[in-house]
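Visitor: Let me see the structure of the following:
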Amino acid sequence: MALLGLVLFVAGLCLVPLQETDVFFRLANGEQILRTASVPGRNLFSFTFPQQPYQDSAWLFDASAASLYRLGGFPALVVAKTALVALIFVAAYFVLRRRGTSAMMAALLLAAAAFCMRERLVERPHVVSLLGEVAVIALLPALQDVRRAAWLLGPLVALWANFHAGAFVGPLLIALAGLGIAVEKIITPAAASRRALVAHGVAAGFCTLALMATPVGPGIFRYLAFHADIFAIHPVDEFRPLSWQSDAPLVIFACGLALVLVLCVALRTRPRLRELIPILGLALLALRHVRFGADFALLAVLLAAPWLAALSPRWATRTAQSYRVQLGRATGALLALAALVPRLGNVEQHGRFLAFDLDRSTLPLAALRFTEEHQLRDRMYNDFETGAFLIWQGYPRHRVFVDPRLPAYPRSFHQLLGRSDMTRAEWTRGMDGFGVTSALIDYAGVNRRVAWWAPEDWALVFRAHDTRVFVRRNAANRELIAHNEIPASFSFSTDEGGVTVPLETPPAGSPVPVCEWKLRLGDLYFDLDGGQSSRALAAYRDALAATSGCLAPEREATASAWLGAVARAAGRPADALALLDRSLAVAPNDPAVLTNRALVLEALGRTGEAARAWSRIATLAAGTPLGEHASSRSRALSAE
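Guide: Got it, this is the predicted structure:
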């Protein structure tokens, strides 16, 4: 029951809509491998550095992901990931049980680790590394002689390296365990055998060589070295240091493990250094790069199993043995309930118990349709975070500016993208160097690059949700800018994030007439201020005050209708009537304008005209609540 509860809890964390964007370039790369029967060795997917060598050993993961997608789309990827993660925790559970940990404690500790790991339990090669790490921990006790050292772990690491370069953790764990044995031997010679020490050294060396048993060969070490200091050059979230603000569950988990260690020492149950040193090594790795926090949470539990087993007899003396089975069942039921409750919430909110297709809500789909419609994809800047999806969605028709495959781009490029003190002039020169003619900016509220597009050189032509599209001011884009330019630029600060800055006058290179600019400015103010905008009102008035014929008729009708509604609400019915009639001259059947006009006629005491106006609305909106209200109002006024 405890194991079943653990599996249900872990499955509940994994069976969620797919939000992991890195899976998209994995699918694209895997499809390329399946189609050509070869592993690409250069950056196929980018127009900025198409000849840059790219060596990633995870070809088996990519090909497997692409094959699963062919079979069942994104749901197949989520289900396969869930099955793999469940296997990882089942294996970890049996490792703990074999080392003397009770069923209840094993399930609870692994559930706590899974909760801390939940952001890394995604459709990426890293999940394969978690399975490989559990296998290495399970096999460590077998390293008592040199003969077992090679054949047990070498093939495992070789296979693992073809799924993920994180296979380097295998020889690292073996080496750290060997270091612990060496220190134990120095402190207490009888505590460790020389044969075990030599076996660990041979296994670590052999597994290090096994890392090269991939199509990239020694290139795997260059791939790993590239990631060592990338955060200092190009801040990427998963390579940041561990922090309390962002990683509180993991920090609390580590503190709890430290308390267990202190308890062991207090009870004179001294932990062995062969387990303690690997835990400290993983902790240091997680402190430097938070992406290894999941590895630390899972493996620390497994490595600490002997300490927990040593404490369990003391715990057992305080708890009747007859209750141990019941405690295991209760633990399983508790974990199953923890997995079930969020699902019931999903049923209540969304009507579905399970949903694990692609989550499209975070993807810039509307902006992509706009760029496709206006043929802006060929030399389009995109952010690091959206590059993977653009690869999957557009290759080979289009290539991307950048994507999350960090080693696919030179360090100088990462230095450019990693700067936070960029001026607009420097950014424009950089884009000139790459021939960029358009840009799709996502997460504009927190993306400082949204403020680097100078309105003198770039026109904002699309704005929806948190996505912006800019195009270069040139002859090829002139017509697009004339029809779609939005009169705005952006600023960015750490406190406020990205802030829209309306432009009162058009930049020198804009083809948009001043009257149209003012009308669009009114639309922008209306949007920014939630419809309660004196700024929008002033902009609309300026637009309508322009020379006759400056505005397109339908645009003039829009401004007149909005100003008429505002004038009616402000208690100026005569002004409102003139503006609404001006709008109806272009759009005579607009229900909103007609309704406002009927209300204005009532306010002016022109009952007969108001009755006829409501009658017209009743005809146009027949069968709707508005039509029923208009018909009732028309009859009442006619009776008067």
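
Visitor: what does stretch 61-78 rub up against?
Guide: The contact list for stretch 61-78 (CB atoms under 8 Å, 6 or more residues apart in numbering) reads 14-18, 23, 26-27, 29-31, 33-34, 79-80, 123, 125, 128, 163-164, 356-358. For glycine as for every other residue, the C-beta is placed from the backbone atoms N, C-alpha and C.

Visitor: Can you dump the C-alpha atoms of that stretch in CSV for me?
Guide: The C-alpha trace of stretch 61-78 is given here as CSV (Å, rounded to 0.1, in the frame of the first residue of the first chain):
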residue,chain,number,x,y,z
PHE,A,61,16.4,10.3,-26.2
ASP,A,62,15.6,12.6,-29.2
ALA,A,63,15.0,9.7,-31.5
SER,A,64,12.8,7.9,-28.8
ALA,A,65,10.8,11.1,-28.2
ALA,A,66,10.2,11.6,-31.9
SER,A,67,9.1,8.0,-32.3
LEU,A,68,6.7,8.4,-29.4
TYR,A,69,5.3,11.6,-30.9
ARG,A,70,4.7,9.8,-34.2
LEU,A,71,2.7,7.1,-32.3
GLY,A,72,0.6,9.2,-30.0
GLY,A,73,1.5,12.9,-30.1
PHE,A,74,2.1,14.9,-27.0
PRO,A,75,0.0,12.7,-24.7
ALA,A,76,2.3,9.7,-25.5
LEU,A,77,5.3,11.8,-24.4
VAL,A,78,3.6,12.6,-21.1
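
Visitor: out of the contacts of stretch 61-78, which are buried?
Guide: The neighbour count (16 or more other CB atoms under 10 Å) marks 14-18, 23, 26-27, 29-31, 33, 79-80, 123, 125, 128, 163-164, 356, 358 as buried among the contacts of stretch 61-78.

Visitor: now, which of the contacts of stretch 61-78 lie within helices?
Guide: Among these, the members found in helices (DSSP state H) are 14, 23, 26, 27, 29, 30, 31, 33, 34, 79, 80, 128.

Visitor: and the fifth one, what is it in contact with?
Guide: Contacts were defined as CB under 8 Å, 6+ apart; by that measure residue 29 touches 40, 56, 59, 62, 66.

Visitor: ok but residue 469 is inside a strand, no?
Guide: Yes: using DSSP: H, G, I helix; E, B strand; the rest coil, the assignment for residue 469 is a strand.

Visitor: Not counting its neighbours along the chain, what's nearest it?
Guide: residue 462 (3.6 Å; CB to CB, 6 or more residues apart in numbering).

Visitor: Quick check, the one you found in contact with residue 367.
Guide: Yes: in this structure, residue 462 is within contact of residue 367 by CB atoms under 8 Å, at 5.8 Å.

Visitor: what do the two both touch?
Guide: Contacts common to residue 462 and residue 367, judged by CB under 8 Å, 6+ apart, are 468, 469.

Visitor: circling back: tell me the one among the contacts of residue 29 nearest to residue 47.
Guide: Nearest to residue 47 among the contacts of residue 29 is residue 40, at 15.6 Å by CB to CB.

Visitor: just the strands in this protein please.
Guide: Counting by DSSP state E, the chain has strands at residues 380-382, 438-441, 458-464, 467-472, 488-493, 497-502.

Visitor: Switch these over to TSV; also include mean pLDDT and distance to residue 391.
Guide: Output for the strands of the chain, formatted as TSV (pLDDT from 0 to 100; distance: least, CB to CB, whole Å):
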stretch	mean pLDDT	distance to residue 391
strand 380-382	97	10
strand 438-441	97	13
strand 458-464	95	21
strand 467-472	97	18
strand 488-493	95	26
strand 497-502	94	25
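
Visitor: would CSV of those with mean neighbour count and distance to residue 534 be doable?
Guide: Output for the strands of the chain, formatted as CSV (neighbours: other CB atoms under 10 Å; distance: least, CB to CB, whole Å):
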stretch, mean neighbour count, distance to residue 534
strand 380-382, 24, 36
strand 438-441, 24, 30
strand 458-464, 22, 22
strand 467-472, 24, 26
strand 488-493, 17, 18
strand 497-502, 16, 13
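
Visitor: Among those, which comes closest to residue 423?
Guide: strand 488-493 (12.6 Å).

Visitor: same for the closest one, what does it pack against?
Guide: strand 458-464, strand 497-502 (3 or more CB pairs under 8 Å, 6 or more residues apart in numbering; DSSP states H and E).

Visitor: cutoff 7 Å now
Guide: In terms of contacts (3 or more CB pairs under 7 Å, 6 or more residues apart in numbering; DSSP states H and E), strand 488-493 is packed against strand 497-502.

Visitor: From the chain's centroid, how far away is the strand it packs on?
Guide: 23 Å (CA atoms, centre = their mean, to the nearest Å).

Visitor: State the paired neighbours of that strand in the sheet, together with their directions.
Guide: Strand pairing for strand 497-502, determined by DSSP bridges: strand 488-493 (antiparallel).

Visitor: quick one: the strand it pairs with to strand 458-464, angle?
Guide: Between strand 488-493 and strand 458-464, the angle comes out at 80 degrees (axes from the mean of the first three to the mean of the last three CA atoms, to 10 degrees).

Visitor: tell me the angle strand 488-493 makes with strand 467-472.
Guide: Going by the same axes, to 10 degrees, strand 488-493 makes 120 degrees with strand 467-472.

Visitor: Contacts made by strand 488-493 with the rest, please.
Guide: Contact with strand 488-493 is made by 448, 450, 451, 455, 460, 498, 499, 500, 501, 502, 503, 524, as judged by CB atoms under 7 Å, 6 or more residues apart in numbering.

Visitor: Make CSV from those residues and add distance to residue 590 to it.
Guide: Formatted as CSV, the contacts of strand 488-493 follow (distance: CB to CB, whole Å):
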residue, distance to residue 590
448, 42
450, 35
451, 38
455, 33
460, 28
498, 35
499, 34
500, 29
501, 32
502, 27
503, 29
524, 22
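
Visitor: List the residue ranges of the stretch 1-150 of the chain that fall below the pLDDT cut-off.
Guide: Along the stretch 1-150 of the chain, segments meeting pLDDT under 70 span 145-150.

Visitor: mind listing what's buried in stretch 423-431?
Guide: Those would be 424, 427, 428, 430, 431, for stretch 423-431 by 16+ other CB under 10 Å.

Visitor: Of those, which belong to helices?
Guide: Of the buried residues of stretch 423-431, the ones assigned to helices by DSSP H are 424, 427, 428, 430, 431.

Visitor: How about the third one: what's its closest non-neighbour residue?
Guide: Counting by CB to CB, 6+ apart, residue 428 lies nearest to residue 457, which is 5.3 Å off, once chain neighbours are set aside.

Visitor: Quick check: that neighbour touching residue 473?
Guide: Yes: contact criterion CB atoms under 7 Å: residue 457 and residue 473 qualify, at 6.0 Å.

Visitor: sorry, back to before: export the strands of the chain to CSV and tack on distance to residue 606?
Guide: Converted to CSV, the strands of the chain look like this (distance: least, CB to CB, whole Å):
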stretch, distance to residue 606
strand 380-382, 56
strand 438-441, 51
strand 458-464, 41
strand 467-472, 47
strand 488-493, 42
strand 497-502, 39
